[in-house]
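Undergrad: when you get a sec, could you give me coordinates for this:
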Amino acid sequence: MGVEMTAEGSVPMKKTQMRWIGAGLIAIAVLLRVVFLTSIPLRVHPDEAGLGLNAWTLAEFGTDRYGNFLPVCPLNFYGEQSAFYTYFCALLVKLFGLNLATLRAPAVVMGLAAVLFGAGLIREEWKEEGALWGLFLFGTAPWFVAASRYALDCNSMLGMSAIALFFWQRLCRRASSEEEEKHYGGFFLVGVLFGAILYTYIIAAITVVVFWLLSGLFYWLYRREGRGKRFRQLCFAAVPLLLMAIPLVLVVCVNIFGWETIRTPFFTVPRLLENRTAEVGLSFPAIREKLMALVHVLTTDGIYGSPANEWNLFRISVPFMLVGGVHSLVETIRCFRERRQSLHPYLIFWCAGSVVTMFLCGTYTYHVNGIFAALVCFVVDGIVLAASKLRSVRTEKIFLWILACLYVLSAVRACRAYFVNAAGDAYQIYGGVQAALDSLEGSQREKEVYIPDEIGEIYFLSDPLTPEEVMRDCDAYGMVRDHGRLHFRMPETYDRDVIFILNEKSVFRPDAVWGRDYSEKKVGHYVVLWCE
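TA: Numbering: from 1, shown residues only. Presented below is the predicted three-dimensional model:
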């Protein structure tokens, strides 16, 4: 990227150059999120399938697939699903129909929101040159690319976190420098934005509560003058936040205290078989596991995110991230002592909320995915600090060009690993079973079909069931394992008059029960087996 940072004596990059580089980085970010969206990742996650079916029934019937009218938390199998992504997807399904593109499009939109607002957040503190590094990291880092291409409902938390933090930081700076202005409308908007985060992931409430307790106290008390007005500003933010939290508080009450499902003319608070709020608690024997999970935030846990051989924000970023994090902590202490506003305290407070969330009910990196909005800021801060310590402008330029080249090479390697390897993950594929079923001929079309490698919900993405059909056929865990002659499970007895449809990578073969007296044919990534 070759940007010149803010060290004294450096020659700033021309604004026209920065605009062209910024536009190019945004274009790359868009391409990395939309190219081959319906085929990479090829595998459909069960939660994606459940989300798509809920979005379809909400669009068609105004209920989730279990018949709950406008649920606060749509049901997904035995637990809850985040409302933000599900309702966003339902809107797209209503307009364009249900397919993998409409299912994953909200992830793309929220991923791009993370890119743009995350870079804007960095620009508030590190100006245009820092924003370019932010665009590059938010746009190309493995975690951000992967999270923008998978319809996992929790991933929208990252985009909303970047949006909310951007407006919060910008508002705090304006309010502190324009003391004659009240800015009540701006604080009300910020409250709405943080309220929206609550609906991106139910355990995000812990992060938001910790952040607001720390940030609210800091903003209110950081200086003696104007505390009364700042208290009123915070009240304007608290009103929408608390109002938006009420339905989720009811979700907790219904499911913790065993209340009956609450049905109103406007929404439903459903009773769940299991829910994430029940997992909240501090277990001392699990401390080591929690600490390792936090380490995986810096590296990767290889689950639903970065490829196992790559790290979430590139390996090269970790030392800069640590340096920037320590510097932000030091700056936070200075802000307390000097009674001034800065982005650094709010980044530390947001990370503190994420750490508390991980210790109370997190296990995997995606449980605290909003933390990456702050971690990228730490990386940029670390790069700025490293550049500022160099003795000459020429040395600084060489350092930044070398670093930019290393980052580009890392991005190319990470993209190759993701797009090539993800393309080969052909297990549980959208429409794959339907193609195998369509290949059946004659009397085969009347036989019982067992599809043990796939859950029914992935098949029903291309042929959705009505809520009445789901409730009729689902089991106690909300899964449809038997529908007519289709069985998405292993049979109880291995009748020779049935048909198996297996994924080509399946470890099961009926040799042990059928011997070798059977026929098979390959259809795409699936194998159809039957006895003559």
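
Undergrad: quick one, what contacts the residue nearest to residue 359 when sequence neighbours are not counted?
TA: Counting by CB to CB, 6 or more residues apart in numbering, residue 359 lies nearest to residue 290, which is 5.1 Å off, once chain neighbours are set aside. Using the backbone N, CA and C atoms, a C-beta is placed for each residue, glycine as well. For residue 290, the contact set (CB atoms under 8 Å, 6 or more residues apart in numbering) comprises 358-359, 362.

Undergrad: one more: residue 312?
TA: 141-143, 297-300, 305-306, 365, 372.

Undergrad: any quick ChimeraX command for the buried ones out of these?
TA: Buried members of these, defined by 16 or more other CB atoms under 10 Å, are picked up in ChimeraX with:
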select :141,142,143,297,298,300,305,306,365,372
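
Undergrad: please name the residues that touch the spatially most central residue of the chain.
TA: Nearest to the mean C-alpha position of the chain, by CA atoms, centre = their mean, lies residue 155 at 1.1 Å. Neighbour list for residue 155: 85, 107, 110-111, 147-148, 366, 369 [criterion: CB under 8 Å, 6+ apart].

Undergrad: of those residues, which is the nearest to residue 444?
TA: residue 107 (38.1 Å; CB to CB).

Undergrad: element containing that closest one, please.
TA: helix 100-140 (DSSP states H and E).

Undergrad: next structured bit after that helix?
TA: Counting by DSSP H and E, what follows helix 100-140 is helix 142-147.

Undergrad: CA atoms only: put the following helix or strand past that following helix into CSV for me.
TA: With elements assigned by DSSP H and E, the helix or strand that comes after helix 142-147 is helix 156-177. Extracted in CSV, the C-alpha atoms of helix 156-177 (Å, rounded to 0.1, in the frame of the first residue of the first chain):
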residue,chain,number,x,y,z
SER,A,156,-24.0,-9.5,11.5
MET,A,157,-22.7,-8.5,14.9
LEU,A,158,-19.4,-7.5,13.5
GLY,A,159,-20.8,-5.0,10.9
MET,A,160,-23.2,-3.5,13.4
SER,A,161,-20.4,-3.2,16.0
ALA,A,162,-18.3,-1.2,13.5
ILE,A,163,-21.3,1.0,12.6
ALA,A,164,-22.2,1.7,16.3
LEU,A,165,-18.6,2.3,17.4
PHE,A,166,-18.1,4.7,14.5
PHE,A,167,-21.1,6.9,15.3
TRP,A,168,-20.4,6.7,19.1
GLN,A,169,-16.8,7.9,18.7
ARG,A,170,-17.7,10.6,16.2
LEU,A,171,-20.5,11.8,18.4
CYS,A,172,-18.4,11.9,21.6
ARG,A,173,-15.7,14.0,19.8
ARG,A,174,-18.3,16.4,18.4
ALA,A,175,-20.1,16.7,21.7
SER,A,176,-16.9,17.4,23.6
SER,A,177,-15.7,20.0,21.1
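
Undergrad: and the angle from helix 156-177 to helix 100-140?
TA: Calculated by axes from the mean of the first three to the mean of the last three CA atoms, to 10 degrees, helix 156-177 forms an angle of 50 degrees with helix 100-140.

Undergrad: in a markdown table, list the contacts of residue 155 along with distance to residue 414.
TA: A markdown table is the format used below for the contacts of residue 155 (distance: CB to CB, whole Å):
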| residue | distance to residue 414 |
| --- | --- |
| 85 | 25 |
| 107 | 18 |
| 110 | 20 |
| 111 | 15 |
| 147 | 13 |
| 148 | 14 |
| 366 | 18 |
| 369 | 18 |
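
Undergrad: PyMOL command for the buried members of those?
TA: Typed into PyMOL, the line below selects the buried ones among those, using 16+ other CB under 10 Å:
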select buried, resi 85+107+110+111+147+148+366+369
